[in-house]
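**Q** need the 3D shape of this:
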Amino acid sequence: MIKLLLFAVFGLLVFSSAAFGQSIASCKELNAMIKTAFETVPSKLAGDQAQVKMKERERVWKAVEARPKQLLPCLRQALSAPDVSPFFLYQGSELLIELDPSAKSNAVNARALNTVDVHETNASSWVGHVAQRAREGYDMTEAGSHWLSDPDLNSHTNDGLDLGPAEGALYIFGSMDEAQATPALIKLAGQKGLPGRELALRLLTFQATPEALAALKQIDLTGLPTKAQELVRNINERPDGYILGSRADPKISRQEFLTAFQGMFKLDNRKFWGMVKNVPDYQYDAAAVLKPEDLPLIRKARRYTISGLNEPRDIYKYYLTFTDIILTMVLKPNSASTK
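**A** Prediction:
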């Protein structure tokens, strides 16, 4: 009797699985499921409605995961539709990069991150992916603009990652190539009434590019907090205060720095962390041994320290230390005092 019962249950499971697979075997059927599951964003749902839609979205994921060869092209097609909803584009692109981690999938994900309402996402996850795409070279300035323009900017907090408005902005813009970030921050810092205008201004000072430094001399500081205005005036009028002294007997060689940087670019931070552990004030060695032609590598290394989104407090510290090194090289590259 038990064997018959187990056989019956097993047969039912097989039948159900087969029926489930057959019911979602075409793009047309998948699109119908997508339309039903994503017709309303989570913030517009409550109680039982939210649970129902969550299960419908899970069914879409499971269908594509079960038959990727047949349904992954359908998912791509749905994500490229002219009228695709930003929320589905975001969630669908997350599944896409999970099943097909490629540059093509990353490009779809970058577009999604730039357009979705961050309030419909997990903010820390969204910021982490924005930083990753930015580090890869995708233009994520639209996402950064959304973050700094959000009237509910201060609502973006996550105790687990210490992800507040300032940290989120730094992860986003700090992970970008300066060629993308600087023009965007110049524009944002000049927008009076922008919720994150002060953050944009501070991030602009971190850029330490010729364009950023020139913009800081012209920007209208009216309406900004006193501390922010003082920061800009100090950089404009007393740049020597931002120049590191160089160690007379450096403990780290130029080649050791460059080797550590190259490791970071391969996502291997062991040499860098070992160097930092042995010489915590490594910035003074950097000021002594690194050359102006190393500046692009230093900037890239700074981007790699921030875009990992691990241990935010420490990464924030390292980002600022790299900024000190860069400012030293940009403001007075050949005449720092000796420490």
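**Q** where in the stretch 151-300 of the chain is pLDDT low?
**A** For the stretch 151-300 of the chain, residues meeting the criterion pLDDT under 70 lie at 155-162.
**Q** can you tell me which residues contact S26?
**A** C74 (C-beta atoms under 8 Å, 6 or more residues apart in numbering). For the C-beta atoms, the positions are set from N, CA and C on the backbone; glycine is no exception.
**Q** quick one: it and F88, what's the gap?
**A** Going from S26 to F88 by C-beta to C-beta, to the nearest Å gives 18 Å.
**Q** and for V108?
**A** Distance from V108 to F88, by C-beta to C-beta: 12 Å.
**Q** and for A212?
**A** 37 Å.
**Q** A166 too?
**A** In terms of C-beta to C-beta, A166 sits 31 Å off from F88.
**Q** which of those two has more residues huddled nearby?
**A** Counted by other C-beta atoms under 10 Å, A166 and F88 do not tie: F88 has more neighbours, with 22 against 16.
**Q** the helix or strand where F88 lies - contacts with which helices or strands?
**A** When elements are assigned from DSSP states H and E, F88 belongs to helix 86-99. Using 3 or more C-beta pairs under 8 Å, 6 or more residues apart in numbering; DSSP states H and E, the elements in contact with helix 86-99 are helix 48-66, helix 68-79, helix 103-115.
**Q** output it as CSV, nothing but the C-alphas.
**A** Output in CSV follows, covering the C-alpha atoms of helix 86-99 (Å, rounded to 0.1, in the frame of the first residue of the first chain):
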residue,chain,number,x,y,z
PRO,A,86,11.3,49.9,-15.7
PHE,A,87,10.5,47.5,-12.8
PHE,A,88,10.4,44.4,-15.1
LEU,A,89,13.5,45.6,-16.9
TYR,A,90,15.3,45.8,-13.6
GLN,A,91,14.1,42.4,-12.3
GLY,A,92,14.3,40.7,-15.6
SER,A,93,17.9,41.9,-16.2
GLU,A,94,18.9,40.5,-12.8
LEU,A,95,17.7,37.1,-13.9
LEU,A,96,19.4,37.6,-17.3
ILE,A,97,22.9,38.3,-15.8
GLU,A,98,22.4,35.3,-13.5
LEU,A,99,21.7,32.9,-16.4
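**Q** any idea of the angle it forms with helix 103-115?
**A** 150 degrees (axes from the mean of the first three to the mean of the last three C-alpha atoms, to 10 degrees).
**Q** now what about helix 86-99, what contacts it?
**A** So helix 86-99 is contacted by 34, 38, 41-42, 57, 61, 64-65, 68, 72, 75-76, 78-79, 105-106, 108-109, 111-113, 115-117, 120-121, 129 (C-beta under 8 Å, 6+ apart).
**Q** how about Q207: what's its closest non-neighbour residue?
**A** Closest residue in space to Q207, ignoring its immediate chain neighbours: T182 at 4.9 Å, by C-beta to C-beta, 6 or more residues apart in numbering.
**Q** gap between the strand or helix carrying the one you found and the chain center?
**A** Element membership of T182 [criterion: DSSP H and E] is helix 178-189. How far helix 178-189 lies from its chain's middle: 16 Å, per C-alpha atoms, centre = their mean, to the nearest Å.
**Q** buried set for that helix?
**A** Neighbour counts over helix 178-189 (16 or more other C-beta atoms under 10 Å) mark 178, 180-186, 188-189 as buried.
**Q** and stretch 85-104, by the same measure?
**A** So, applying 16+ other C-beta under 10 Å, buried residues of stretch 85-104: 85-97.
**Q** which among those gets closest to I172?
**A** If you rank those by distance to I172 using C-beta to C-beta, Y90 comes first, at 15.7 Å.
**Q** what pLDDT does the model give Y318?
**A** Looking at Y318, its pLDDT reads 88.
**Q** also F10?
**A** 36.
**Q** against I298, how distant is A179?
**A** Where I298 is concerned, A179 sits at a distance of 15 Å (C-beta to C-beta).
**Q** mind listing the helices for the stretch 151-300 of the chain?
**A** All helices of the stretch 151-300 of the chain, identified by DSSP state H, counting those that start in this stretch, fall at 165-174, 178-189, 197-207, 210-218, 226-237, 254-265, 270-278, 282-289, 295-306.
**Q** out of the ones you listed, which gets nearest to Y319?
**A** helix 295-306 (4.8 Å).
**Q** and that closest one, how far from the chain's centre?
**A** 15 Å.
**Q** in it, what counts as buried?
**A** Neighbour-count burial for helix 295-306 [16+ other C-beta under 10 Å]: 295, 297-306.
**Q** contacting residues for the closest residue to E56 other than its chain neighbours?
**A** With C-beta to C-beta, 6+ apart as the criterion, E56 has its nearest non-adjacent residue at 3.8 Å, and that residue is A37. Contacts here follow C-beta under 8 Å, 6+ apart; on that basis A37 touches 53, 56-57, 59-60.
**Q** about what we covered before: contact partners for the residue nearest to Q207?
**A** 204, 207, 209, 211-212, 215.
**Q** could you do S85 as well?
**A** With C-beta under 8 Å, 6+ apart, S85 has these contacts: 38, 41.
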